[in-house]
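Participant: Make a model of this:
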Amino acid sequence: MIHLQDLVKDYGTLRAVDHISFTINDGEILGFLGPNGAGKSTTLKMITCYLSPTSGSINVGPYTVSDNSQEIRKKIGYLPEQNPLYTEMTVYDYLKFVAEVREISDFRSAMKHAVGKCGLQGVVNKPINTLSKGYQQRVGLAQAIIHDPDILILDEPTTGLDPNQIVEIRELIKELGREKTLVISSHILQEVQAVCDRIVIINKGKIVADGSTEELQASFEHIAKLQLEIGASADDIPVMAQEIGGIKVNSIQTIGEKVRAELEYDTADDKRPALYEYIKAHGWMLWELHKVNISLEHVFRNLTIEGGE
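Facilitator: I've put the predicted structure just below:
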């Protein structure tokens, strides 16, 4: 178990992490989300002992970051956002080097396990700089698991990959998550939703949400979203929303002679009848008017853009 309590990290006058507290349970796959500059990577670097907290505490099992950093490093496998590869080395030489740094006694067994898990059997003797980005990420994952850690921390593990490579790495992460406590930081919300048991969202250094995808979506059940498509102009939509009242316009798109808009309002006051009557009174053609499910993306944007303003 990893427990963060009242954690703070300052860079001079900039507070990157601002009194955050949460727990990561054994065997859990946690998605750690936030916009750029929110404090995600800084938090992960403190958990992995690459950075020291300004104040607060981090416990990894019975150990504290402040007193037992070497023991914690043994328990954690870490893949930073910038994959730490020596690209002039072969895969074999690089993993051998990592094993030596980690003082692994049975190198051959560790190598076989890491190579097998990450699907590197066919490229072990190739220089890393000749591999595709997807295979380089596999090598990065192999170095993170070669010492068979209990905890795996992955910072943006699919950055720069093409769609096929993303699927491959995602499946590999799922497999690793069956055996280890896993923390994933990612900008790809679909990836987090597909892989993670629980999501923590950080914004401006503070935790703004913590729960499963279903729990986070349920917290926005009071909000109704509508997809509307009518024979009007883009300028008509804000006027209509203002005159009816209680409607927020999220987006407007002109498509030929019609306009498509996403609207939002409180479920306590269903605006669909008023919208229909307004459209009818103005003689506009109505092509589409239906509710849209609240997505994880909508939750994320509300908490990190609208909620953070």
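Participant: now Gly136, what's its secondary structure?
Facilitator: Quick fix: residue 136 reads Gln, not Gly. Classification of Gln136 by DSSP: H, G, I helix; E, B strand; the rest coil places it in helix.
Participant: and it, how many residues sit next to it?
Facilitator: If you count neighbours by other C-beta atoms under 10 Å, Gln136 ends up with 21. Quick note: C-beta positions are derived from backbone N, CA and C, even for glycine.
Participant: what about Thr33, neighbour count?
Facilitator: Slight slip there: residue 33 is Leu, not Thr. By other C-beta under 10 Å, 27 other residues sit near Leu33.
Participant: what are the bridge partners for it, then?
Facilitator: Ile201 (DSSP bridges).
Participant: list the contacts for it?
Facilitator: Residues in contact with Leu33 (C-beta atoms under 8 Å, 6 or more residues apart in numbering) are Lys40, Ser185, Ser186, His187, Leu189, Val192, Ile199, Val200, Ile201, Ile202, Phe300.
Participant: Among these, which one has the most neighbours?
Facilitator: Counting neighbours by other C-beta under 10 Å, Ile202 comes out on top of these with 26 neighbours.
Participant: which residues does it contact?
Facilitator: So Ile202 contacts Ile20, Phe32, Leu33, Gly34, Ala38, Gly39, Lys40, Thr43, Val208 (C-beta under 8 Å, 6+ apart).
Participant: From Ile47, how far off is it?
Facilitator: Plainly put, Ile202 is 13 Å away from Ile47 if you go by C-beta to C-beta, to the nearest Å.
Participant: ok, now Ile76?
Facilitator: Remark: distance between Ile76 and Ile47 (C-beta to C-beta) = 7 Å.
Participant: Excluding chain neighbours, what is closest to Ala274?
Facilitator: Leaving aside its sequence neighbours, Ala274 sits nearest to Ile244 (C-beta to C-beta, 6 or more residues apart in numbering; 4.9 Å).
Participant: Surely the one you found touches Tyr276?
Facilitator: No. With contact defined as C-beta atoms under 8 Å, Ile244 does not count as touching Tyr276 (10.7 Å).
Participant: Neighbour count for the two, which is higher?
Facilitator: Taking other C-beta under 10 Å, Ile244 and Tyr276 do not tie; Ile244 has more neighbours (15 against 12).
Participant: what residues are up against that one?
Facilitator: Counting by C-beta under 8 Å, 6+ apart, Ile244 touches Lys271, Ala274, Leu275, Tyr278.
Participant: Without its sequence neighbours, what residue ends up closest to the first one?
Facilitator: Think Lys271. In space, and not counting its chain neighbours, Lys271 is closest to Tyr265: 4.7 Å by C-beta to C-beta, 6+ apart.
Participant: where does the one you found land in three-state SS?
Facilitator: Tyr265 - assigned by three-state DSSP - is strand.
Participant: per-residue confidence for Gln136?
Facilitator: Reported pLDDT at Gln136 in the predicted model: 93.
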